[in-house]
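K.L.:
Any chance you could fold what I've pasted below:
(chains A and B)
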Amino acid sequence: MLLPVKWLKEYVNIDVDTKKLADELTLSGSHVESIISLDRGIERVVVGRIEKIEKHENADKLLVVMVDVGDETIQVVTGADNFKVGDYVPVALVGAKLPKDLYIERTDFRGVESNGMLCSLAELGYEDSVIPKNQRDGIFILDKDYPLGTPIDEVLGLNGEIIELEITPNRPDCLSIIGMAREAAATFDKKLELPEVAVKDEVDDIKDYVEAVEVDEELCNRYYTRVIKDIKIKESPLWLQLRLMEAGMRPINNIVDITNYVMLELGQPLHAFDLDKLNNKRILVRRAKDGEKITTIDGQERALNNSNLLITDGESPIGIAGVMGGMDSEVTEETTTVLLESANFNGKSIRSTSKQLNLRTEASIRFEKGLDPNLCKIAAERACQLIEEINAGRVVKGCIDIYKNIKEEKTIKLRPERVNKLLGTKLSVEDMVDYLERLDLKTKVTERYLEVKIPTYRLDLNIEVDLIEEIGRIHGFHNIAAQPLVGVLTRGEKPYSSIIADKVGAILQGFGLNEVITYSFISPKSYDKIKIEADSHLRNYIKLMNPLGEDYSVMRTTLISNMLDLLSRNYNYGVKECYLYEIGNVFIPKELPLEQLPREEKVLVLGMYGQIDFYYLKEVVTALFEKLGIKDFEYVKEESNPTFHPNRTANILIKGNSIGVLGEIHMDVVENYDIDTRVYIAQLNFDALVEETNLDRKYKPLPKYPAILRDIAVVVDSDVMVGELEKVILENGEGLIENIELFDVYEGKQIESGKKSVAFSLTYRSSEKTLKDEEVNKVHERIIEELERRLDAKLRS
Amino acid sequence: MKDELIRIKEEAISDINGANRLDDLENVRIKYLGKKGKLTLILREMGKLPKEERPVVGRLANEVRQEIEKELSEGKDRFKERLKQERIEKEKIDISINKRTRKLGHSHPLLKTIGELENLFISMGFTVVEGPEIETVEYNFDALNTPENHPSRDLSDTFYITEDILLRTHTSPVQIRAMKAMEPPLRIISAGRTFRFDDVDDTHSPMFHQLEGLVVDENITMANLIDTINIFVKELFGDDMKTRFRPHYFPFTEPSAEVDVSCFSCKGKGCSVCDGTGWSMELLGCGMVHPKVLEVCGIDPEKYTGFAFGMGIDRITMVKYGIDNIRLLFENDNRFLEQF
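P.N.:
As a prediction, this is how the structure comes out:
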């Protein structure tokens, strides 16, 4: 909200500068987001009067104008033509400075000298959004005579500041100058001076103009009307227009401007209907019929339904309650009689209508947050008073006020000791009463309580703690002395799985992998890109009702597609090698559509491309298991995972249970991600990893007896896996094999086609004695026999 | 014979000095001191000498042997030293060459920040807890006293899965989970992913991160809240960082405040970054837990009070590392990740 400081100061006598005002308001709860200076650095722009207008001899679109600027009459060339002799206009003299670093010099326009410039409002620094429509395309014509040569700053009041405020949704009462004046008065301990509202001269009787008013009581708490006749529609006086513009609103005409002025001042939206344009001289506020239509004053035809509240003349709609009036009953230049509506509509209903129509207006913003129904009368009367004051019409006697459930002031009991207990302060009862009274919260001190009367505009004050906050903020949170926490000592800790995650991170970073974060939602197309089968359980994903787009529309059941996205992005950025990992959730529904929260399972994904192969990724995963103390893990060839290369992929088992997969990504998938190199990914169930982790370590005595080394080289079918050979070796090692080291796998010359030679170096050692050659030979022979028997391995000579 | 011995000695020394390889020295040893060596052979002739000469010649012979052995040993040492020097010379490398084949990995800056914050709060006696990313409307809004018509509930603000289930919009539902699951005294924090209906731009992301804190006990006051936040801000940003508690509105705390910290750029003096205010805006939101929230969780608000705070980690990370675009956090460009 924009708060012109000058306007504020009309209601509360604050004598500090605007910076201080802003700081203090912020500290008492009205957050000042910025201070906008009205002084736009304009120099040498003065009031002038048009004396003579002539056409430029050499240019059709230019006029040569003589302007009296007080001590001289100067010749100015202009392209505008919206003025006449005798008009008062702003004139930028030679040497003038205008906003946006515009400087005025003596200029020659096709042989005619121009000694200045006639200014538009835009040139004087006003935003297009607040400039009156009839002033937009020409010179700004002043509303009346001003002494010639008067600096334009004085005429337009271009001094002082406007404060931009963030008003929290619980304080709709602060969306007004008076509301903020009330806050300022409390903050600075000053008296609030409200305008005296009285209409002096009333004529006729409203009953002669309006037959009846009926309302839907559920959605309209109050409907207060007055009638004004003999209206002369014209521009508002300059002071009124400037007020509106400073507060960010565009002046329209005197009647509409006054309704807007009162809305800004008091926070109550008003609407003026042209009474002569109504078919019936009555008002019926009712729900719209489904499909009923109305054209609003912005020229849009809008279709309504039964949840929308309509203002009608008994038959036809004349306005959408609290949102926007109808075009047919709009105040125009011909208007002579208006019905002024000051109503209190149900905020929720206005909010949903405004959303449904995608139409947010200054009125709807205020209604949807909630307004005090007791404000209706004051606001309408204030408008009548101003109409009378600016001589825009004559107020008709009497009002029609439909107000069944009158909102009364309530009383909240407050325990003084509770205030100090919650705030950690030592405020006296006197202090508390002072703070509350400053906010116009009338407080009675009784033996045990403070009994606080809550004005009806304070919709946010409902229970004791609400008042404690009021005391706290007027006292100032910054004045509460910090006190350390006391009480039972608690031990800080974090979940075991987070500790393991930290360890995993450290290990993977040691292997060169960078940690990443990707979105929890992905595109359903990802499943096609990684070739997941149509009937895979992975496709039982949870869909968002209102995603930002297909790319972010389903909750992931795998981290592989996100990892591929990142590898692809990096690859296409020209990153030569990339090693990444992520620990993140997948979302597994218990049923679809969801009736209960799904399972969120943590998954670890590793992805890489560069100067590495399958075995590097396997080495990383194995090292991870070893560091985490995970035993009984094995890799089993996996040929049926559609995302992976059928001949370069392993299923990862711990104690026989699959906990993940590791391998080279299928060439189809790599191509789908626009990557032109081999990509390796491992995905592991992180929760299972945590489950199997064992960080306990027990010392095992170092070997006392010497080891005996034996090499073994066999020729087997190419399909026989090294792992199978190793398994046979280990199984027949009689517990004496300390280590098996593969040192050669060879296919080619000297080896029969379809066969390969595999060579190991075996370390034999006993923990109980020094092994003798004969003992080792016996075991070694047996191993060779078993290799032959089970895998048809021939000893290579 | 004496002359013969002297001659042998000189001959041997000359051979030693003339040796070109280590093996030559061994040959010298064999030549003179071996079983059939010159000295050995000559000593066998000792018996032929007159008795009285034997001791004199014997002594001389011993001296010659010792002399030759000493020269041999010194010669060997010289050779070894020379070989070592030759090797050192040969093994010259260019130490300016970088041959690193693989770099160490890095933590993501955002998770690094979360880790640091967690450790800080753990040191203050807080326990880290976790909550789900997919939440119920009940825990995300209702239990947190969020009014029925609060705009944050809108489809234009929140991602819904069903009418009752959504992607959590803040980490605050973890408060509810913690209070329902545990008895006071409570000191918890929880960091994690949160979601709001925001298109991606330089400062917004539909997924972002928050850290939530909650303390519930007897006699917890706003003064305790202020103290806790002040400690945290100083630890995170340095001792010269000041805080400003500004009254604000959150449905689930009363009183509520937003906390500004001194401008990161000018440290409070006032500059163009902070519009001259000296304050960077809205580091975190906080307040005293609303009595209705305590009640919903089965905690007696007359007996217990508490405070809660929540902050956006993405922004803190960006300020801490001088990152100017939130997209960088989720793009995961390797060249970005390597910087942390």
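K.L.:
just checking, A:Lys6 is part of a helix?
P.N.:
Yes - according to DSSP: H, G, I helix; E, B strand; the rest coil, A:Lys6 belongs to a helix.
K.L.:
Tell me if I'm right that it and A:Gly157 touch.
P.N.:
Yes - applying C-beta atoms under 8 Å, one finds A:Lys6 in contact with A:Gly157, separated by 7.1 Å. Placement of C-beta: from N, CA and C, glycine included.
K.L.:
Would you mind finding the longest strand in chain A?
P.N.:
strand A:43-55 (DSSP state E).
K.L.:
just how off-centre is that one within its chain?
P.N.:
How far strand A:43-55 lies from its chain's middle: 49 Å, per C-alpha atoms, centre = their mean, to the nearest Å.
K.L.:
could you give the mean pLDDT of it?
P.N.:
For strand A:43-55, the mean pLDDT works out to 94.
K.L.:
what angle separates the very next helix or strand once past it from strand A:43-55?
P.N.:
Next in sequence after strand A:43-55, counting helices and strands by DSSP states H and E, comes strand A:63-68. On the basis of axes from the mean of the first three to the mean of the last three C-alpha atoms, to 10 degrees, strand A:63-68 is oriented at 130 degrees to strand A:43-55.
K.L.:
For chain B, give me its nearest residue in the stretch 501-650 of chain A.
P.N.:
A:Gln509 (3.5 Å; C-beta to the nearest C-beta).
K.L.:
which SS state does that residue fall under?
P.N.:
Secondary structure for A:Gln509, judged by three-state DSSP, is helix.
K.L.:
can you count the residues close to the nearest residue to it once chain neighbours are set aside?
P.N.:
Residue nearest to A:Gln509 in three dimensions, not counting chain neighbours: B:Gly105, with 3.5 Å by C-beta to C-beta, 6 or more residues apart in numbering or on different chains. Residues within reach of B:Gly105, counting by other C-beta atoms under 10 Å in any protein chain shown, total 21.
K.L.:
So B:Gly105 belongs to a strand, correct?
P.N.:
No - checked against three-state DSSP, B:Gly105 lies outside a strand; its state is coil.
K.L.:
right, and it touches A:Asn514 too?
P.N.:
Yes - the criterion here is C-beta under 8 Å, and B:Gly105 meets it with A:Asn514 at 4.8 Å.
K.L.:
Find residues that contact each of the two.
P.N.:
Counting by C-beta atoms under 8 Å, 6 or more residues apart in numbering or on different chains, the shared contacts of B:Gly105 and A:Asn514 are A:Tyr579, A:Tyr581.
K.L.:
And A:Ile708, how far from chain B?
P.N.:
33 Å (C-beta to the nearest C-beta, to the nearest Å).
K.L.:
show me the residues around that residue that make contact.
P.N.:
A:Ile708 is in contact with A:Thr763, A:Tyr764, A:Arg765, A:Leu771, A:Asp773, A:Val776, counting by C-beta under 8 Å, 6+ apart.
K.L.:
6 Å instead, please
P.N.:
Contacts for A:Ile708 (C-beta atoms under 6 Å, 6 or more residues apart in numbering or on different chains) come out as A:Tyr764, A:Leu771, A:Val776.
K.L.:
Check what pLDDT it gets.
P.N.:
A:Ile708 is assigned a pLDDT of 95 by the prediction.
K.L.:
how close does it sit to A:Glu664?
P.N.:
The gap separating A:Ile708 from A:Glu664 is 38 Å, by C-beta to C-beta, to the nearest Å.
K.L.:
Next: A:Asp68.
P.N.:
In this view, A:Asp68 and A:Glu664 are 88 Å apart by C-beta to C-beta.
K.L.:
how far out from the middle of the chain is whichever helix or strand B:Glu138 is part of?
P.N.:
Using DSSP H and E, B:Glu138 sits in helix B:137-140. Put simply, helix B:137-140 sits 38 Å off its chain's centre (C-alpha atoms, centre = their mean).
K.L.:
Repeat that for stretch A:52-67.
P.N.:
So, by C-alpha atoms, centre = their mean, the centroid of stretch A:52-67 is 53 Å from its chain's centroid.
K.L.:
So which residues of the stretch 401-550 of chain A form strands?
P.N.:
Taking DSSP state E, counting those that start in this stretch, the strands of the stretch 401-550 of chain A run over residues A:410-414, A:443-445, A:450-454, A:514-515, A:521-522, A:542-543.
K.L.:
Double-check A:Ser561 against A:Lys525; I have them as touching.
P.N.:
No - if you go by C-beta atoms under 6 Å, A:Ser561 and A:Lys525 don't touch, sitting 9.1 Å apart.
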